[in-house]
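K.L.:
Next come a sequence and a model predicted from it.
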Amino acid sequence: MDPILAPFPATRLRRNRRSPALRALVRETTLSAGDLIWPVFIREGEGVEEPVPSMPGVNRLSLDRLLARAEEAAALGIPAICLFPYTAPELRTEGCEEAWNPENLTNRAIRALKRELPDLAVMTDIALDPYNANGHDGLVRDGVILNDESVAALVRMALAQAEAGADILGPSDMMDGRVGAIRAALEGAGHKEVAILSYAAKYASAFYGPFRDAVGAGSRLVGDKKTYQMDPANSDEALRLVARDLSEGADMVMVKPGMPYLDICRRVKDAFGVPTFAYQVSGEYAMLTAAFGHGWLDRDRVVMESLTAFRRAGCDGILTYFAVEVARALKG
């Protein structure tokens, strides 16, 4: 319905903007710490906070440092943390067996977090690239990324993470049929309450470079991921993928990357009305922090504006490396 407006000067739209109090009263979109998921890179060791060169301010954390930082995040009202492991080179194989090792780094981190901070939701990543000698999200044979064999491996990985106590599983691999297979396996193993936040619309984007460096997969990647991640030119396909993942048992869906794909976030939210998330990915973070470092952009204002844009586009929550500083700012 078109808005009914009296002609100027009876209508002066600036009236509602003239003071902070009036702007707050008519504000359509809000941002809170409860809207954030904090993605964290973890590594072996003790007392380690290892900088990621391409992501200034982001560190790979050993488990003891993870617990300390997670406690801070929880105290600030951040409801969930998402784990991404840096796997030792000798554990990266073509079969990706370390992905479902009950004692791998991620599974030990899950158990530690749930023991020390039981109310903090722990999300995990379901993809093989941190464990793959080829750097791909799926198993590779003769240069081809295998779908069905990869799904079987991802199911084993998901079950190991559920057994460790993960609250939310995040299949980010983009193999066909993996959500249904994981959901069936979880039900069969008695993990009926574990949620699936599917990376339903994950694009074959150039914005992932710093992330791949952070998990140690970038230098190992052979070829590209265009045969299984989405073409950045496509929009309708995203809706088909979301519909498929919901029909297979996803509880929430994700669009990735974030800011260049806010149109997809809006279409997904409008079409399905389900919990919709987006990932403000490593490349977005790197671009913004580079501009902040040169004094070209105001860090505090731009970070808040960027995350508000996600919420305005229909996102119920955002994965962002800025989560802790934003939560701290919102707390005042």
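P.N.:
Done, it's in. Residues are numbered from 1 along each chain as shown.

K.L.:
CA atoms for contacts and neighbours, from now on please.
P.N.:
Fine.

K.L.:
can you map out the strands along the stretch 1-150 of the chain?
P.N.:
Chain-ordered strands for the stretch 1-150 of the chain, with DSSP state E, counting those that start in this stretch as the definition, fall at 36-42, 49-51, 59-61, 80-85, 121-126, 140-141, 144-145.

K.L.:
Direction included, what does the last one pair up with?
P.N.:
The sheet places strand 144-145 alongside strand 140-141 (antiparallel), with pairing taken from DSSP bridges.

K.L.:
ditto for the third one
P.N.:
Each strand paired with strand 59-61, and its direction, by DSSP bridges: strand 36-42 (parallel), strand 49-51 (antiparallel).

K.L.:
Looking at these, spot the one closest to G317.
P.N.:
Ranking those by proximity to G317 (CA to CA) places strand 36-42 first, at 5.6 Å.

K.L.:
and the direction of the closest one versus that of strand 121-126, what angle?
P.N.:
Calculated by axes from the mean of the first three to the mean of the last three CA atoms, to 10 degrees, strand 36-42 forms an angle of 60 degrees with strand 121-126.

K.L.:
thinking again about what came up before, A238 is nearest to which of the strands of the stretch 1-150 of the chain?
P.N.:
strand 121-126 (19.5 Å).

K.L.:
roughly how far is that closest one from the heart of the chain?
P.N.:
Its chain's C-alpha centre lies 9 Å from the corresponding centre of strand 121-126 when counted by CA atoms, centre = their mean, to the nearest Å.

K.L.:
Partner strands of that strand, with direction?
P.N.:
strand 80-85 (parallel), strand 168-171 (parallel).

K.L.:
per-residue pLDDT, G218?
P.N.:
If you check G218, the pLDDT there is 59.

K.L.:
Could you do E325 as well?
P.N.:
pLDDT, read off for E325, is 97.

K.L.:
Give me the distance between it and H191.
P.N.:
As judged by CA to CA, to the nearest Å, E325 and H191 stand 34 Å apart.
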